[in-house]
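[1] Would you be able to build a 3D model of this:
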Amino acid sequence: YSRYQLRIAARARELVDQGTPVEAACRIVILEDQLEEAQRINAEHHRTAQSENPTAAA
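    Predicted coordinates for the structure are as follows:
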């Protein structure tokens, strides 16, 4: 397994250990992963926009 897969599994296990049903824990992990990816993409777009127009307000 990759480190990424192990990290995801550990997060799901953490949620289940806190009493979250397995199905809900899996959905939470998926949503957290999607949010992280969207934030990464947004930050990259923001950096690109700033480098193309450094005088624009943030």
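
[2] the longest helix in the protein is where?
    Looking across the chain with DSSP state H, the single longest helix is helix 22-52.

[3] Report the buried residues of it.
    Residues of helix 22-52 classed as buried: Ala25, Val29 (neighbour count, 16 or more other Cβ atoms under 10 Å). Quick note: C-beta positions are derived from backbone N, CA and C, even for glycine.

[4] other SSEs contacting it?
    If you count contacts as 3 or more Cβ pairs under 8 Å, 6 or more residues apart in numbering; DSSP states H and E, helix 22-52 packs onto helix 3-17.

[5] and the helix it packs on with helix 22-52, angle?
    130 degrees (axes from the mean of the first three to the mean of the last three Cα atoms, to 10 degrees).

[6] in helix 3-17, what's buried?
    For helix 3-17, a neighbour-count test (16+ other Cβ under 10 Å) marks Ile8, Ala12, Leu15 as buried.

[7] Can you spell out which helices and strands pack onto that helix?
    Contacts defined by 3+ Cβ pairs under 8 Å, 6+ apart place helix 3-17 against helix 22-52.

[8] For the longest helix of the chain, what is the distance to the chain centroid?
    5 Å (Cα atoms, centre = their mean, to the nearest Å).

[9] what's the answer for stretch 1-21, then?
    That offset, for stretch 1-21, works out to 14 Å (Cα atoms, centre = their mean).

[10] From here on, call the first residue 114.
    With the count now opening at 114, the last piece we talked about shows up as stretch 114-134.
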